[in-house]
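> Coordinates only, no sequence provided:
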Ligand SMILES: NC(=O)c1ccc[n+]([C@@H]2O[C@H](COP(=O)([O-])OP(=O)(O)OC[C@H]3O[C@@H](n4cnc5c(N)ncnc54)[C@H](OP(=O)(O)O)[C@@H]3O)[C@@H](O)[C@H]2O)c1
């Protein structure tokens, strides 16, 4: 087996299965009903059975507000369970690829975060994912890919905006004081497979090129759908979500670009392809 993808029914998991299939890799996908990664014995048994060359862990509790309420679950799944995967990978010599997040940073920066910048998550989700990174480093062969603002097959920001537009809301109200890098899950899936092929190890930031706010992202979605719905900028405080959100989530991709010899495509182009039905739900 070339590849085992955990959390394979999520946005990135589905994109990875498709990308691996296109590259004619032998790939197995498992989600919580067929492999609960918090079950160390089950993880070990499956890795022993399939003997994948590479395990890509996309399983996570990604709902950041839910993480605040379900801290123990978040730490177990996003954090400790990665240690089970690391141990299983070491038992067979597999490479562990852990997908991580901009939320490991404090979100208060003034320039794009580099891989070796100090971490300092503000909430439970970020803390649990940082623990996951630490557990991933327990694998002899590991690659940690930090990404952000994913949209791909499944539920995501683009679909949330589309739902509101379908409901013919008179206006959209979207947060304008958080800045980040919208990233197409299919672009990321291809990039992760490229990084594996190149033998990349350690921590790498991988996001589509460019940056915007959630408001800017929504404006571009509305424009590309040919609509004229007003998008009203609001503040994070006005949005009133339970979990802290980073104001600055921009990831520096110089390391990725040096490895690949190119950046990932601009986020606007990535969005256009998504809206055309490539990599959509
Ligand atoms: N989404 C983003 O904007 C974003 C940004 C930065 C980084 N990331 C990271 O990128 C990775 C992929 O994100 P995503 O958006 O593709 O996530 P997702 O769509 O939420 O998918 C996660 C998958 O993991 C499954 N899962 C839940 N508990 C599990 C368990 N105990 N064992 C195995 N699988 C389990 C989920 O199943 P259920 O749906 O049934 O719970 C779901 O299918 C995650 O590591 C995430 O932290 C995401």
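Cool, got the structure. The shown structure was predicted, so the numbers you read here are calculated from the model rather than taken from an experiment.
> Mind jotting down where the strands sit in the chain?
For the chain, the strands defined by DSSP state E occupy 3-6, 27-30, 54-57, 95-101, 142-147, 150-151, 171-175, 179-180, 183-184, 202-205, 212-213, 230-234.
> Serialize the ones you listed to TSV and add fields for distance to the ligand and mean pLDDT.
All C-beta atoms are positioned from the backbone trio N, CA, C, and that covers glycine. TSV is the format used below for the strands of the chain (distance: least, C-beta to the nearest ligand atom, whole Å; pLDDT from 0 to 100):
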stretch	distance to the ligand	mean pLDDT
strand 3-6	6	98
strand 27-30	7	98
strand 54-57	7	98
strand 95-101	4	98
strand 142-147	5	98
strand 150-151	4	98
strand 171-175	14	96
strand 179-180	9	98
strand 183-184	7	98
strand 202-205	11	98
strand 212-213	14	98
strand 230-234	20	97
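> possible to save these as a markdown table with mean neighbour count?
Formatted as a markdown table, those follow (neighbours: other C-beta atoms under 10 Å):
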| stretch | mean neighbour count |
| --- | --- |
| strand 3-6 | 27 |
| strand 27-30 | 21 |
| strand 54-57 | 27 |
| strand 95-101 | 26 |
| strand 142-147 | 23 |
| strand 150-151 | 26 |
| strand 171-175 | 18 |
| strand 179-180 | 20 |
| strand 183-184 | 27 |
| strand 202-205 | 19 |
| strand 212-213 | 19 |
| strand 230-234 | 16 |
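> what residues are up against residue 31?
Contact analysis of residue 31 by C-beta atoms under 8 Å, 6 or more residues apart in numbering lists 6, 7, 8, 9, 10, 13, 59.
> Check residue 238 too.
With C-beta under 8 Å, 6+ apart, residue 238 has these contacts: 173, 175.
> Distance-wise, check it relative to residue 45.
Remark: distance between residue 238 and residue 45 (C-beta to C-beta, to the nearest Å) = 49 Å.
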